[in-house]
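>>> I need the structure of the sequence given here:
(2 chains)
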Protein chains: 2
Amino acid sequence: MVVRKLEVFGIPLPEITPGTDLARTIVESANRLGIGIRDGDVIVVTSKVVSKAMGLLVKISDVRPSTKARIIARILGKPAWEVELILRNSKRILGAFPAHMLLKHSTILNYISRDRDRALKVIESDRYLMIVDVGYRVATDAGIDTSNVPSGYVCLPPSDPDRVARGIRDRIRELTGCDVAVILSDTEGSVLRVGSLDIAIGASGIVPVTAKFGESDRFGKSKYGGVDLIADELCATAALLMGQTGESIPVVLIRGLNYERSNLELGRFRVPRGLLLKALMLGILISVVIRFLLAIFSVVDLLRGRW
Amino acid sequence: MVVRKLEVFGIPLPEITPGTDLARTIVESANRLGIGIRDGDVIVVTSKVVSKAMGLLVKISDVRPSTKARIIARILGKPAWEVELILRNSKRILGAFPAHMLLKHSTILNYISRDRDRALKVIESDRYLMIVDVGYRVATDAGIDTSNVPSGYVCLPPSDPDRVARGIRDRIRELTGCDVAVILSDTEGSVLRVGSLDIAIGASGIVPVTAKFGESDRFGKSKYGGVDLIADELCATAALLMGQTGESIPVVLIRGLNYERSNLELGRFRVPRGLLLKALMLGILISVVIRFLLAIFSVVDLLRGRW
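Below you'll find the predicted structure:
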């Protein structure tokens, strides 16, 4: 029996500066580790390091917030420079979410941090997350991030991650002759369990979502499901190594995955915003109806029990 | 330099029947593959196989739907037996989501399936997903699932997955002397990109969420983040192998992860439902305010440009 096995390698890179040939750096680093690059490898690159190579660092003191940004910043308890950058880098502002409410809750605060006072300070410095459409996806705070960049600077995400992934993939093929899949990852928040997960924001060389909805299961029945978010699963896998060693692993190579190759862009797999909104509205409406019905049934059951 | 590396092994099991000693079967199967079990391994087990071992299969023809279930089933375009089982296995019905609206959209239908007609039939047979609280988490359709169980049967999820994970972990220690982490996974839907991801529903032996909110980044600044959903990332990793080979890999072993050991239960890391609801309400309110403000600014900008 052949053992189904994946190997997941963390690839540390030297500090990346604007203009770095990222693909070449990845190939050289993989060679130095003795891993090399092979045909069919999947390479997950954190968008942070792409931004650094593209020179997408902004000096915070250079940002002049508009009146609009300053007013919104005041309402949301966010730094004005941050709101200004979010407005500049969004196609549309969808809303805001009171992250501070969840993070400050005693149960949650206890499990997210071992230094309560320091955590509270960070929470209070940035109370709401803005939810915006950046064109290729819905992102909190437009994917703008201050961590792991020099003090006084902030990092903007690449504006066309599919094209960046394609570029890295093409260059790796040029350098090594290997066809690999390249996925750009970013970190996003979750709410059912407070915390973050890495997701895919751009991809090249892989079908990012399996197209098996309705196909037969092992018993021959049509399956409600079969649409696996492969690209996102790969980013979550990469995060296991990226998150561990003081964030000095911006690239993870996954070897052994039997994936379907493709030139499809990840951007194609987005739910149209209007459709999602309509579905959410209908969902809220029907939820109200269902809960009303259930309430009536509870009353009926109660009355039956009494008489 | 030490290479940071994970190994991910798919462990096929023989067909599981009620009463099977799942931990023993896992150990034996790992030994047969030559992988074995080692101290510090993480073992992800799909909840489906746990349900089979616990005898949580229900014969659909034995389910007698109540009037309540039949009315809700009619409204939601779902089978009445399914609604009946969802009602029985939920602590509270939170609402419903029109999954069919997203799935039937031409763009999405194209990418989720290569057999349009078959997919449409499955979509129409179960139009809304019910969103319910099953006690230990919020789940669509109460985690009830018909795939990969014999025709005419349906599979209920275990009611206390943390305890199940603990039981498997203890038994593996008994059999092998190794302390491992055990995580139970289940498949859940995503909406920003239509598809599904595996998430953790129970865990034992691992701190499932890193507690590094506000800690220093590489440049010494306090970080907004650092709360990685490790257990969920591990389930996403396992899904890469579980999803691939016709669903015959219900167990995945991950070796080489440097995780923090613990007896904490995953259930502790849930956001209190009332809190989440309050945060969502406040979020909607503040979103309306922000968008109103932005609309005013647009009008002002327009007038300025005109005069």
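>>> The helix or strand where residue A:168 lies close to chain B?
In the assignment (DSSP states H and E), residue A:168 maps to helix A:161-176. No. Using Cβ under 8 Å from any Cβ of the partner chain, helix A:161-176 stays clear of chain B, with a minimum separation of 13.3 Å. Glycine gets a C-beta too; all of them are placed from N, C-alpha and C.
>>> now stretch A:76-87
Yes. Using Cβ under 8 Å from any Cβ, we find that stretch A:76-87 touches chain B at residue A:76.
>>> Can you list the neighbours in contact with that stretch?
A:58, A:60, A:63-66, A:68-70, A:72-74, A:93, A:96, A:100, A:124-128, A:130, A:132, A:141-142, A:144, A:154, A:156, B:286, B:290 (Cβ atoms under 8 Å, 6 or more residues apart in numbering or on different chains).
>>> of those residues, buried ones?
Among the contacts of stretch A:76-87, those buried by neighbour count (16 or more other Cβ atoms under 10 Å in any protein chain shown) are A:58, A:63, A:65, A:68-69, A:72-73, A:93, A:96, A:100, A:126-128, A:130, A:132, A:141-142, A:144, A:154, A:156, B:286, B:290.
>>> Of those residues, which belong to helices?
Counting by DSSP state H, those place A:68, A:69, A:72, A:73, A:100, B:286, B:290 in helices.
>>> Which two of those have the greatest separation?
Farthest-apart pair in those is A:68 and A:100; separation 22.3 Å (Cβ to Cβ).
>>> Count the residues that sit near the residue of the stretch 1-150 of chain A found nearest chain B.
The stretch 1-150 of chain A approaches chain B most closely through residue A:95 (2.8 Å), counting by Cβ to the nearest Cβ. Look at residue A:95: counted by other Cβ atoms under 10 Å in any protein chain shown, it has 18 neighbours.
>>> List the residue ranges of chain A that fall below the pLDDT cut-off.
Chain A contains residues with pLDDT under 70 at A:1-2, A:244-247, A:306-307.
>>> how is it carved up into domains?
Domain assignment for chain A by automatic domain parsing gives A:1-50+A:159-270, A:57-156, A:272-307.
>>> what separates the last one from the chain centre, distance-wise?
Pointing back at domain A:272-307 there. 32 Å (Cα atoms, centre = their mean, to the nearest Å).
>>> same thing with stretch A:96-112?
That offset, for stretch A:96-112, works out to 20 Å (Cα atoms, centre = their mean).
>>> again, but for stretch A:88-101
15 Å.
>>> Tell me the buried residues in it?
Applying 16+ other Cβ under 10 Å to stretch A:88-101 flags A:89, A:90, A:93, A:94, A:95, A:96, A:97, A:98, A:99, A:100, A:101 as buried.
>>> what's in contact with it?
With Cβ under 8 Å, 6+ apart, stretch A:88-101 has contacts from A:76-77, A:86-87, A:123-124, A:126-135, A:138, A:140, A:142-144, A:156-157, A:159, A:189, A:191, A:273, B:275, B:278-279, B:282-284, B:286-287, B:290-291, B:294.
>>> Of all residues in the stretch 101-250 of chain A, which one is closest to chain B?
The stretch 101-250 of chain A approaches chain B most closely through residue A:236 (3.5 Å), counting by Cβ to the nearest Cβ.
>>> try the stretch 201-307 of chain A
residue A:287 (2.8 Å).
>>> May I have the beta-bridge partners of the residue nearest to that residue when sequence neighbours are not counted?
Closest residue to residue A:287 apart from its sequence neighbours, by Cβ to Cβ, 6 or more residues apart in numbering or on different chains: residue B:95 at 2.8 Å. Going by DSSP bridges, residue B:95 is paired in beta bridges with residue B:131.
>>> Please, which helix or strand holds residue A:87?
helix A:80-88.
>>> Likewise for residue A:148?
Short version, using DSSP H and E: residue A:148 is in no helix or strand.
>>> you'd agree it is up against residue B:218?
Yes. Counting by Cβ atoms under 8 Å, residue A:148 does reach residue B:218; the two are 5.1 Å apart.
>>> Stretch A:129-137 spans what distance, first to last residue?
16 Å (Cα to Cα, to the nearest Å).
>>> Check stretch A:13-22 too.
Termini of stretch A:13-22 sit 9 Å apart (Cα to Cα).
>>> Flag every buried residue along that stretch.
A:13, A:16, A:20, A:22.
>>> same deal with stretch A:141-159?
A:141-149, A:154-158.
>>> and it, how far from the chain's centre?
Centroid separation between stretch A:141-159 and its chain, computed with Cα atoms, centre = their mean, is 14 Å.
>>> Residues contacting it, please?
So stretch A:141-159 is contacted by A:47-48, A:50-52, A:54, A:56-61, A:81-82, A:85-86, A:89-90, A:129-130, A:132, A:134-135, A:139, A:164, A:184, A:186-187, A:201-202, A:247, B:217-221, B:223-225 (Cβ under 8 Å, 6+ apart).
>>> What segments of chain A are helices?
So, for chain A - with DSSP H - the helices run A:22-32, A:47-53, A:67-76, A:80-88, A:99-104, A:106-112, A:116-124, A:161-176, A:230-242, A:273-306.
>>> Just name the most buried of those.
helix A:230-242 (a mean of 28; mean count of other Cβ atoms under 10 Å in any protein chain shown).
>>> so that one versus helix A:161-176, what angle?
With axes from the mean of the first three to the mean of the last three Cα atoms, to 10 degrees applied, the angle from helix A:230-242 to helix A:161-176 works out at 70 degrees.
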